[in-house]
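In: from the sequence below, what's the structure:
(one chain, ligands or ions: 1)
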Amino acid sequence: MTTPGISVLDGKYMVTMDLFPQQSKEFNQVHPFYAFLQEGRLCTTRCKDCGAEPFPPRVLCPDCYSTNMEWVDWPTTGTVIDFTEEVVGVPLGFGKAPLVHALVDLQGKKTFFVRIINCAAGELKPGDQVKLAVFDVDSVPQEVGRDVVEMQRVFYAFEPVK
Ligand SMILES: [Zn+2]
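Out: Numbering: from 1, shown residues only. I've put the predicted structure just below:
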């Protein structure tokens, strides 16, 4: 990761600017979520005691406080209900405008607000089909024994089905 215009920070990891979670098993109890993303799967946890399926995934059920959770797959396509487009003032770390977010109906499973990528301003409209899009984000250095290893990371958004 580099910070444009601040040469002293070239090659340094800027933890305070990091938008994305640590994803290794040493730092993150829901680390399988990211491994599933790398396989193109959108998964979450289901409570084996009450059936709740919170998203993002949890290790503790927010409804009944059980830790008896299992991983389940969710649909990877959905329908846009409505959306927002930021064309100026996109926050640092989100790349170039537009920054699009949409309320997506995930085949009746869940309705959630998610970022839409690979989509030009003015392109998206309600009723459009969108699909899961997994993308690489900056790796993070992590100590493994006496070595420092760059841990690869991914994150998810949705993109229009073309
Ligand atoms: Zn529960």
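
In: now what about the lowest-mean-pLDDT helix or strand in the chain, what contacts it?
Out: Here the helix or strand of the chain ranked lowest by mean pLDDT, DSSP states H and E is strand 129-144, holding a mean of 90. Around strand 129-144, the neighbours that count as contacts under Cβ atoms under 8 Å, 6 or more residues apart in numbering are 1, 13, 18-20, 22, 24, 26-27, 37-38, 40, 42, 76-80, 102, 104, 116-118, 148-161. All C-beta spots, glycine's among them, are computed from the backbone N, C-alpha and C.

In: make sure I have this right: Leu60 is in a helix.
Out: No. Counting by DSSP: H, G, I helix; E, B strand; the rest coil, one finds Leu60 to be coil, located in no helix.

In: gap between it and Arg46?
Out: Noted for Leu60: a distance of 13 Å to Arg46, by Cβ to Cβ, to the nearest Å.

In: give the buried residues for stretch 135-142.
Out: Val137, Asp138, Val140, Gln142 (16 or more other Cβ atoms under 10 Å).

In: equivalent analysis for stretch 51-65, please.
Out: Taking 16+ other Cβ under 10 Å as the criterion, stretch 51-65 shows Glu53, Pro54, Pro57, Arg58, Cys61 as buried.

In: quick check, pLDDT for the fourth one.
Out: Yep, that's Arg58 we're talking about. Among the per-residue scores, Arg58 holds a pLDDT of 96.

In: that one contacts Ala52, correct?
Out: No. In this structure, Arg58 is not within contact of Ala52 by Cβ atoms under 8 Å, at 9.1 Å.

In: for this structure, just list every one of the helices.
Out: Applying DSSP state H to the chain gives helices spanning 32-38.

In: tell me which parts of it are close to the ion?
Out: The chain comes close to the ion at residues Cys47, Asp49, Cys50, Ala52, Cys61, Asp63, Cys64, Ser66, as judged by Cβ under 5 Å from the ion.

In: nearest residue to the second one in space, please, no chain neighbours.
Out: What sits nearest to Asp49 in space, not counting adjacent residues and going by Cβ to Cβ, 6 or more residues apart in numbering, is Ser66, at 4.2 Å.

In: no further questions, thank you.
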